[in-house]
Every structure is written in structure tokens, then in C-alpha cells.
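A.B. asks: Take this sequence and fold it.
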Amino acid sequence: MKIGINGVIVPNQDKEIYDWFGVDSVCPKDVSDAIDQSEGKSLDVEIGVCYGGSIDAGSQIYSALKSHKGGVNITITGLAASAASVIAMAGHCEMSPTARMMVHNVSTVAEGNYHDMDKTSENLQIANKAISAAYTTKSGMGEADALAMMDKETWLTAQQAVEKGLVDSVMFSDSQLVAGYGNGMLPRSVIDKTRAMLKNQQAKPHEPKPQPKNNQKQIDIAYAKLNLHERMM
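C.D. replies: Reported below is the predicted structural model:
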């Protein structure tokens, strides 16, 4: 059974809202349902690109995976940030050499008088200690070291995560790595505008498309691709 951890970590009651907006998210119920379907067998958890989110939801997911008797194998292929890095501590973990991990202090928004601010600060510090337990349990580092790492908002490569004991190994450690020049990725502005255009088209009633004459459609596409390529240079 494979579980994907992507986007943001949200409470169960908020999941349908993120789904409605088409935003990648994962909630504790997603994971608990996958665990139930695994029938006690080993779970493969892939953290693709996860920016973190609710620490309480993250704690629920961590606890559910940690207590799974069938065992958990975790891979980090992109980014495990914030609460996602806590989830990564729930089992044997491998990390792609091109992936990253980020740990930091818990944050919130508060209002009120100075008593309220003092109480909020106290609660945040308690939350930091609670979160640090995942790092200390996995790595064996002391609480003070874990809290200091969080306090600095620490970004880690795969090798650095292994050296700190947060990750068990680096994936493809015996493979040759390459990076290409000019990866051909579309500019973000093009992606956003195209997505908006496609949604607008889907909202309209389907109409028969006129047939292109003299291959004009192919010519227009070729010019559009050329123009896009020039902008990316």
C-alpha cells in the first residue's frame, strides 16, 4: 500500500475545501484509511512536495504511521518541510539526493493584551518541544539540539539529514547523477494563465470547433511555441 504526502497537511474537516479548490492536501483520515486498507502489511509513504501545515494533523499522521505494526518505509523525493518533516520521522526513511528537508519553530497568529501574548508564547514553546520529540526519537539527538535546529529554521540536504540521523540513507547513492541545461520548464506565468484559460473553457458549453484551413492551426501552434521558447531563453 502506497501513501502520497503532497501539498499541505490539513485537519479532516478542511480537506473537502482544499479538494474543491484543487489544492493538493492530505489529512489524517487519508492516512488512516490507507492503513486500514493495508490489512497490516508494510506501507510505502512517499513525501513528494509537502509544505507542512497543521501541527496537530501532522502529529496524528505521524502517530498513526509510527504505531502501524506492519512497518513503514518512507521516501522523500522533493521537499519535506515543517510538519511534513515530522511525518518523515515515523519510520525507515530514504531521501533523494536532490530533495530537501526543512525544520522550524511552530508559528501562529494571535491578538489581545500582553497576558494573551505571554500565553501564546508559552503555548508555542510547548508546541516546539512536542514537535522536537519526533526528531529526538528518530535521531537520538538531545532536545536542546533539536530545538536549536528548529529555532534557526534549518534547511537540510539529504546528506546533511543523514549526518544528523534524521534520515537513514540517501537514495541512488550508487547511481550517476546528471543535470541538464535548459530544462524546458514552462514559466509560472504561462502555467497560471493557461490553467485559468482551460478552466474558463470547461465552464462554457461545448461548441463545435471550426476546422482549420490550410493547416493554419498547426502554423499558429508553431509560432506560439517559438514565442514561448524565446521568452524562456
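
A.B. asks: can you give me the strands in this protein?
C.D. replies: Secondary structure of the chain, counting by DSSP state E: strands at 2-9, 25-26, 43-53, 72-81, 92-95, 100-103, 154-157, 169-170.

A.B. asks: Poorly predicted segments of the protein, please.
C.D. replies: Scanning the chain with the threshold set as pLDDT under 70 gives 174-186, 188, 203-233.

A.B. asks: any idea how it splits into domains?
C.D. replies: Here the domain parsing of the chain from automatic domain parsing is 2-170, 188-232.

A.B. asks: Mind putting these into TSV with mean neighbour count?
C.D. replies: No exception for glycine: its C-beta is placed from N, CA and C like everyone else's. Conversion of the domains of the chain to TSV gives the following (neighbours: other CB atoms under 10 Å):
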stretch	mean neighbour count
domain 2-170	17
domain 188-232	9
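
A.B. asks: What residue, apart from its backbone neighbours, is nearest residue 71 spatially?
C.D. replies: Nearest non-adjacent residue to residue 71, counting by CB to CB, 6 or more residues apart in numbering: residue 42, 4.6 Å away.

A.B. asks: From what I see, that neighbour and residue 74 are in contact.
C.D. replies: No - at 11.3 Å, residue 42 does not count as touching residue 74 under the criterion of CB atoms under 8 Å.

A.B. asks: Reformat the strands of the chain as CSV; add distance to residue 32.
C.D. replies: As requested, those are exported to CSV (distance: least, CB to CB, whole Å):
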stretch, distance to residue 32
strand 2-9, 10
strand 25-26, 11
strand 43-53, 11
strand 72-81, 13
strand 92-95, 20
strand 100-103, 24
strand 154-157, 29
strand 169-170, 28
